[in-house]
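Student: Next come a sequence and a model predicted from it.
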Amino acid sequence: MGDSRDADVAEMKEKMNENIKDDNSMARDGSTQPLATHESPSNSKDKPSPSKLQSCISPLLASQHPLPPSPSLTNRIFHSILLPPHGMLGTILTYMLVVLTIWLTCYSVFGQIALPGAEPITITVQGGTVFALLVLVVVAWIGGWVVQLVHLPPLLGMLLVGIMLKNVPYISVAKGLDPAWSAALRSTALAVILLRAGLGLDPAALRQLSAMVFRLAFLPCLAETCVVAVTSHYLIQLPWIWGFMLGFVLAAVSPAVVVPCLLALQEKGWGVAKGIPTLVIAAASVDDVLAISSFTIILGITFNPSADLASVLLQGPLEAFVGVVFGLIWGVLAVFLPPSPNPSTLLRLLVLVGGALLALFGSDVVGLPGSGALAVLVMAFVSGLGWRRQGWGDNNPVTTALASAWVLLQPLLFGLIGTEIQVAALDIGTVGWGVVVLCCGLTVRMVVSYTAVMFGDLTLRERVFVSLAWLPKATVQAAIGPLALDKAKQALVDRFPGQDCSLVMASDLPGDTLVSDMVNGTIVQGNSEHGGDLLVNLCNMVTYGDKVLTIAVLVILITAPIGAIAIMTGGPKLLQRDLEGKEKTEGEQA
């Protein structure tokens, strides 16, 4: 009898235990979905609780409100408006975003043409532009291929072809290029290479190297600027404010040269283990924002001294803030539009590239030119993070399409940069001392770059590589180098139309010469006692602008080829190759 009772008790205990297990296997929120059976009690305790933001948006998420087996029309309508956008509504929103992006980009590039209206608009385009572009792309590609045969970076040959087509006598092909077309195409090519760079950034390495990124972005730029300002003041007699303006022109590293070279090394596994390509690419974008913003501030103070000083000084932080915020917002849009689980590659490409072009061209329109490149890099980085979580790897259809486009855009970009260099415009008197100024600035830049990455786990050889990778200058100098000269010439034309500065000397200006000046919006005439100094000052500004442009051309000629060669040849000799990680990544993607 006792044995039968014991057996009954044991059987009841087993049933109770089974019921308890069944209850624990059900979801804690009361749903009928079972929890993962492999989750141990310790793991469930360690699982983090949802954040306040997740708790707030949880009622709006489609994943928290799945459709019932037989949904009604009301259920379908309610489910369609939940986040993230999905289904037909998500597709409609994607097409609306693409159309709006195309229109805003067209407005940023073409201006009044993109606005509604029926009035005729006159557009002037320099003759021979299309033919010049076709010849430039073909010949630059051939030049890059020839240079690559001797194991040098192809961009070197493309750059030399552009210089030759612009400056060799009796060759007038590149002289037919329209400057506006050239600038727009350079920005387009730059957008593509920045997108490739942002999509290839390593999040783990960026998190680990965040402090080093900011040191590398700020310290070399500021150190080179100060050295250039001092040396140019004493060697080529630039005023202090013009010396610092020149310093920030020269201090900006060229993403058009650095990024393609580093991506080529990254694809082969060089420096990937320690995130060196990510370090340099991320720091390059911040470096450009700092240099362009500071240059814009000094330019505004020089030519508009009556402007509000507080707003001028806030230009740099504002550009960085706008660039990061716009990049974050657009990156999130590119993750969820077009909607998953089977997003259209074409639509994803249009959303991402359209946002990049809008950022680069639109930043100039709103007066924040330094924010464009940073916004493109941030949106690509955020998009890459989101796509990885959705199942896309690093080698996804969008990166493949961008790589294919780069085959055409690379000769176009570096060929156009070469055409910006006018050898005949180089002042021989400025060239000699300008080379000395460049050598002083670049030497200090290399030393400070090496020092900036000392406080980390990089070896001596890797620190040397980073300092070499921080040399190339091209894109930014071609873009902002002529701005000071253009401003000075425009100010001279506005106040003294038809005046030839080559004939203007303070002692040669008769005392009874009538000159005009703009004072508080009113044209005031007087003798040279009042206007003569203004005329001489404006002519001096034109001279200073000539010197800035000359040295900007010199820095492209010297650092672009040397820096590209140093990166491509020094990378395999100074960096460690991570073949295992590369093969593992390729295996996971396959």
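Tutor: Sure thing, it's come through. Small disclaimer: the values here were computed from a predicted structure and weren't measured.
Student: hang on, isn't residue 91 packed against residue 339?
Tutor: Yes - with contact defined as CB atoms under 8 Å, residue 91 reaches residue 339; the gap is 6.7 Å. All C-beta spots, glycine's among them, are computed from the backbone N, C-alpha and C.
Student: quick one: buried residues of stretch 416-423?
Tutor: For stretch 416-423, burial by neighbour count (16 or more other CB atoms under 10 Å) applies to 416-421.
Student: got the contact list for it?
Tutor: 136, 140, 158-167, 174, 177, 182, 185-186, 189, 256, 474-475, 478, 553, 556-557, 560 (CB atoms under 8 Å, 6 or more residues apart in numbering).
Student: just stretch 442-455 next, same as before
Tutor: 211-212, 215-216, 219-220, 223-224, 227, 251, 279, 462-464, 466-468, 470-471, 559.
Student: And these, which of them are buried?
Tutor: Among the contacts of stretch 442-455, the ones that count as buried by 16+ other CB under 10 Å are 212, 215-216, 219-220, 223-224, 227, 251, 279, 462-464, 466-468, 470-471, 559.
Student: Filter the residues you listed down to just the ones in helices.
Tutor: If you go by DSSP state H, these have 212, 215-216, 219-220, 223-224, 227, 251, 279, 462-464, 466-468, 559 in helices.
Student: Next, count neighbours for residue 382.
Tutor: Each residue near residue 382 was counted by other CB atoms under 10 Å, and the total is 20.
Student: Now for it: which residues touch it?
Tutor: Applying CB under 8 Å, 6+ apart, the residues contacting residue 382 are 327-328, 331-332, 334-335.
Student: neighbours around residue 114, how many?
Tutor: 14.
Student: Which of the contacts of residue 382 ranks first by neighbour count?
Tutor: Highest count within the contacts of residue 382 by other CB under 10 Å belongs to residue 334, 29 neighbours.
Student: in what helix or strand does that residue lie?
Tutor: Here residue 334 sits within helix 315-336, counting by DSSP states H and E.
Student: cool, residue 395 as well?
Tutor: Of the helices and strands defined by DSSP H and E, none includes residue 395.
Student: nearest spatial neighbour of residue 547, skipping sequence neighbours?
Tutor: residue 430 (5.1 Å; CB to CB, 6 or more residues apart in numbering).
Student: For residue 403, grab the count of nearby residues.
Tutor: Using other CB under 10 Å as the criterion, the residues surrounding residue 403 number 14.
Student: so who does the nearest residue to it once chain neighbours are set aside touch?
Tutor: Closest residue to residue 403 apart from its sequence neighbours, by CB to CB, 6+ apart: residue 196 at 6.9 Å. Counting by CB under 8 Å, 6+ apart, residue 196 makes contact with 259, 263, 380, 399, 402-403, 406.
Student: Pull out the buried positions in the host helix or strand of residue 196.
Tutor: Applying DSSP H and E as the criterion places residue 196 in helix 179-199. Neighbour-count burial for helix 179-199 flags 181-199 (criterion: 16+ other CB under 10 Å).
Student: Over to stretch 355-370?
Tutor: Buried residues in stretch 355-370, defined by neighbour count with 16+ other CB under 10 Å: 355-364, 368-370.
Student: what's the answer for stretch 449-460, then?
Tutor: With the criterion 16+ other CB under 10 Å, stretch 449-460 contains buried residues 449-453, 458.
Student: Mark which of those are part of strands, please.
Tutor: When strands are assigned by DSSP state E, not one member of the buried residues of stretch 449-460 lies inside them.
Student: which one of those residues is nearest residue 490?
Tutor: Nearest to residue 490 among those: residue 449, at 36.4 Å, using CB to CB.
Student: before we move on, back to that, please tell me how far the residue nearest to residue 403 sits from residue 111.
Tutor: Noted for residue 196: a distance of 29 Å to residue 111, by CB to CB, to the nearest Å.
Student: How about residue 390?
Tutor: Distance of residue 390 to residue 111, computed by CB to CB: 38 Å.
Student: same thing with residue 127?
Tutor: Plainly put, residue 127 is 21 Å away from residue 111 if you go by CB to CB.
Student: and the two? which has more neighbours close in?
Tutor: residue 111 (12 against 9).
Student: Wait, residue 322 touches residue 368, no?
Tutor: Yes - because the distance of 5.5 Å satisfies CB under 8 Å, residue 322 is recorded as touching residue 368.
Student: tell me which element the closest residue to residue 182 other than its chain neighbours falls in.
Tutor: Of all residues beyond its chain neighbours, the one nearest residue 182 is residue 416 (5.1 Å), with distances taken as CB to CB, 6+ apart. Here residue 416, judged by DSSP H and E, is contained in helix 397-419.
Student: where does the stretch 451-590 of the chain dip in pLDDT?
Tutor: 499-533, 579-590 (pLDDT under 70).
Student: what about the strands in it?
Tutor: 515-519, 522-526 (DSSP state E, counting those that start in this stretch).
Student: Flag the helix or strand of this structure with the lowest per-element mean pLDDT.
Tutor: The element with the least model confidence among the helices and strands of the chain, by mean pLDDT, DSSP states H and E, is strand 522-526, at a mean of 35.
Student: all helices of the stretch 451-590 of the chain, in order?
Tutor: Assignment of helices within the stretch 451-590 of the chain using DSSP state H, counting those that start in this stretch yields the ranges 460-469, 475-480, 483-495, 528-574, 579-589.
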